[in-house]
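S.K.: predicted model and sequence follow; I will ask about them next.
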Amino acid sequence: MKKLILVFALFITILSSAQENYKYVIVPAKFSFLNAANKYNLNALTKSFFESQGFTVFYDTDKLPEELANSRCLALYADAVEENKLFTTNIIIQVKDCQNNVLTESFRGSSREKEYEEAYKEAFRAALTSLKGQLNFKNNFTAKSEVVAKTETKVEVKEANVEVQKVVNPDQLFALPIENGYKIVDSEPKVVYIIQNTSIENVYMAKKGDVQGTFLKKINGWFFEYYQEGKLISEKVSVKF
């Protein structure tokens, strides 16, 4: 009888876990219609948006946590579709499941900017912003597992460290408003970062010296993210706004 109850409880647990919200999103490191990884910082912008919506986000070239590597159906898959017309750059962001079913897609983000970089950034921001509040999907897929009557088994879950995180400055930094954004200064005050507003809340285009990247808020604080020799660097920043 006890074994029967154990099997039933395990079965109910698996069914319940199958109905949890997605927590992972996988984003391409390179969009198919562009000729380089993170061209115009668009992949980082897309990654930052989904992080701002509460997801743990990986590029499709990243090493994945064990549970996700073993079952890709635990993640949503975001991609961009280009639908350009004469004098107009148009972008749609699609969100799919592991079987390539489109669960939702953004409004068409459009731009008439002549410069490619500005046009793509404007179109991406508009498309991504339209997805706010549209990502609360239930995961109907289960991880690979079997319902078996057996004695108690302890499973140790280890998280994979994907991003390189380091504290930029042990001293507190401060955000001072400027036109279209903020300058982040230390106690001298010396300017450490210049950050500019985007249409996405708590996501900024940022510059630190000659390094350009993204300044964004995650659950555990503010981060400056950029690429160095093809590797994503994520620096935690202690800043007061």
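M.R.: Received it, and whenever you're ready, just let me know what you need. Numbers count the residues shown, from 1 in each chain.

S.K.: pLDDT below threshold where in the chain?
M.R.: 1-19, 142-171 (pLDDT under 70).

S.K.: where's the helix or strand harbouring residue 204 relative to the chain centroid, distance-wise?
M.R.: Element membership of residue 204 [criterion: DSSP states H and E] is strand 203-208. The chain centre lies 16 Å from the centre of strand 203-208; the measure is CA atoms, centre = their mean, to the nearest Å.

S.K.: what is the helix or strand just after it packed up against?
M.R.: Counting by DSSP H and E, the element after strand 203-208 in chain order, helix or strand, is strand 211-218. Applying 3 or more CB pairs under 8 Å, 6 or more residues apart in numbering; DSSP states H and E, we find strand 211-218 packed against helix 42-52, strand 203-208, strand 221-228. Just so you know, the C-beta spots here come from the backbone N, C-alpha and C atoms, and that holds for glycine as well.

S.K.: nearest residue to the middle of this protein?
M.R.: residue 47 (3.2 Å; CA atoms, centre = their mean).

S.K.: all helices of this protein, in order?
M.R.: 2-18, 42-52, 66-70, 116-129 (DSSP state H).

S.K.: just the C-alpha atoms of the third one, please, in CSV.
M.R.: Coordinates of the C-alpha atoms in helix 66-70 are reproduced here as CSV (Å, rounded to 0.1, in the frame of the first residue of the first chain):
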residue,chain,number,x,y,z
GLU,A,66,22.1,20.0,-17.1
GLU,A,67,18.3,19.9,-16.8
LEU,A,68,17.9,22.0,-19.9
ALA,A,69,20.6,20.2,-21.8
ASN,A,70,18.8,16.9,-21.1
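
S.K.: pull the contacting residues for the nearest residue to residue 37 once chain neighbours are set aside.
M.R.: Leaving aside its chain neighbours, residue 37 sits nearest to residue 30 (4.2 Å; criterion: CB to CB, 6 or more residues apart in numbering). Applying CB atoms under 8 Å, 6 or more residues apart in numbering, we find residue 30 in contact with 36, 37, 38, 39, 43.

S.K.: now for the third one: which residues touch it?
M.R.: It refers to residue 38. By CB under 8 Å, 6+ apart, the residues touching residue 38 are 29, 30, 44, 227.
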